[in-house]
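>>> quick one: sequence and predicted model below, then my questions.
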Amino acid sequence: MNERLTADERRALLAGDGADAPPSESAEDLDLLAAVLADPATWAEPRPDLEDAVLRAVADAAPAAATRRPATGGTRRAQHGRSRRVLAAAVGVAASVAIVVGALAVTSGGGSGADFQSELSATALAPRARARVDVTHNAAGFRVELAAHGLRRLRHGAYYQAWLKNAHGRLVAIGTFSSSDGSIVLWSGVDPDEYRGITVTIEPDDDDPGSSGRRVLGGTLRAT
């Protein structure tokens, strides 16, 4: 059996099963709609630049409409009605694309997304140093991004150690590094909501897991 419908059959389906035939002025629109629905391109995935193309088309249509010779009588009314339908359809498509793009932007996130932040101050051991900290909570724990500048490379046998500290003075080590003039990623297993203090110390390469107390940077995390 041939599954393709003729133009008359498509028009009849679009008009419905009622006894009344569609008004004569809508017959052309039904033909156009039937042709659009029958075109396989109608159901294809939209191309990535669809939003920009629709907005350009709407913008280009305004100058073109302004240069047309004014119509009279029924012709003017018919053209006005068709123009309103085309413009409404274009605006509807543009709005739909904008909603989809906006939703993708929201789900993909924006901004820094940090849960805690801090500006660290330098001590006399590294007077030219400065650092910013962004802490983000995820399934693995707390990702600590330390963007530090001015921390010189230490001699062999020493390294920098970052710590979080709670209100009772308890320190938890969150990572080590040898120098910094950029971003370093550290990790914490303790909640910065309880461990708000953050420091960086110089540690000797020995068997002592405690802090040496030789702080080069320090600050307090704040929730964002």
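Noted; the coordinates are in hand.
>>> given the lengthiest strand in the chain, what are its sheet partners and their directions?
Selection of the longest strand in the chain by residue count, based on DSSP state E, yields strand 141-151. Counting by DSSP bridges, the strands paired with strand 141-151 are strand 130-138 (antiparallel), strand 180-188 (antiparallel).
>>> let me see the mean pLDDT of whichever helix or strand comes after it.
Reading on from strand 141-151 to the C-terminus, the next helix or strand found by DSSP states H and E is strand 158-165. Mean pLDDT, strand 158-165: 97.
>>> kindly report the same for stretch 116-127.
96.
>>> cool, stretch 204-219 as well?
Per-residue scores along stretch 204-219 average to 94.
>>> residues making contact with that stretch?
Identification of contacts with stretch 204-219 by Cβ atoms under 8 Å, 6 or more residues apart in numbering yields 118-123, 125-126, 129, 131, 133, 148, 151, 157-161, 163, 171, 173, 197-203. For glycine as for every other residue, the C-beta is placed from the backbone atoms N, C-alpha and C.
>>> could you pick out the buried ones from those?
By neighbour count, with 16 or more other Cβ atoms under 10 Å, the contacts of stretch 204-219 hold 118, 120, 122-123, 126, 129, 131, 133, 148, 151, 158, 160-161, 163, 171, 173, 197-203 as buried.
>>> now do the strands in this structure.
Assigned by DSSP E, the strands in the chain fall at 116-122, 130-138, 141-151, 158-165, 171-177, 180-188, 197-204, 215-220, 222-223.
>>> got the angle for the third one vs strand 158-165?
It stands for strand 141-151. Counting by axes from the mean of the first three to the mean of the last three Cα atoms, to 10 degrees, strand 141-151 points 130 degrees away from the direction of strand 158-165.
>>> please apply the same query to the fifth one.
Between the axes of strand 171-177 and strand 158-165, defined by the same axes, to 10 degrees, the angle is 140 degrees.
>>> how about low-confidence regions in the chain?
Residues of the chain that meet the criterion pLDDT under 70 lie in 1-55, 57-112.
>>> just name the most buried of the strands paired with strand 141-151.
Highest mean neighbour count of these: strand 130-138, a mean of 18 (counted as mean count of other Cβ atoms under 10 Å).
>>> now what about it, what contacts it?
112-122, 142-150, 180, 188, 192, 198, 200, 217, 219, 221.
>>> and residue 149, how close does it get to residue 131?
From residue 149 across to residue 131, the span is 7 Å (Cβ to Cβ, to the nearest Å).
>>> scratch that, residue 190 is what I was asking about
Residue 190 is 20 Å from residue 131, by Cβ to Cβ.
>>> now residue 137
Per Cβ to Cβ, residue 137 is found 20 Å from residue 131.
>>> tell me how far the ends of stretch 117-131 are from each other?
By Cα to Cα, to the nearest Å, the extent of stretch 117-131 from end to end equals 11 Å.
>>> so what sits opposite residue 198 in the bridge?
Applying DSSP bridges, one finds that residue 198 bridges with residue 164, residue 219.
>>> please give me every residue in contact with it.
Shown in contact with residue 198 (Cβ under 8 Å, 6+ apart): 118, 120, 133, 162, 163, 164, 165, 218, 219, 220, 221.
>>> from those residues, pick the one nearest residue 56.
residue 133 (44.1 Å; Cβ to Cβ).
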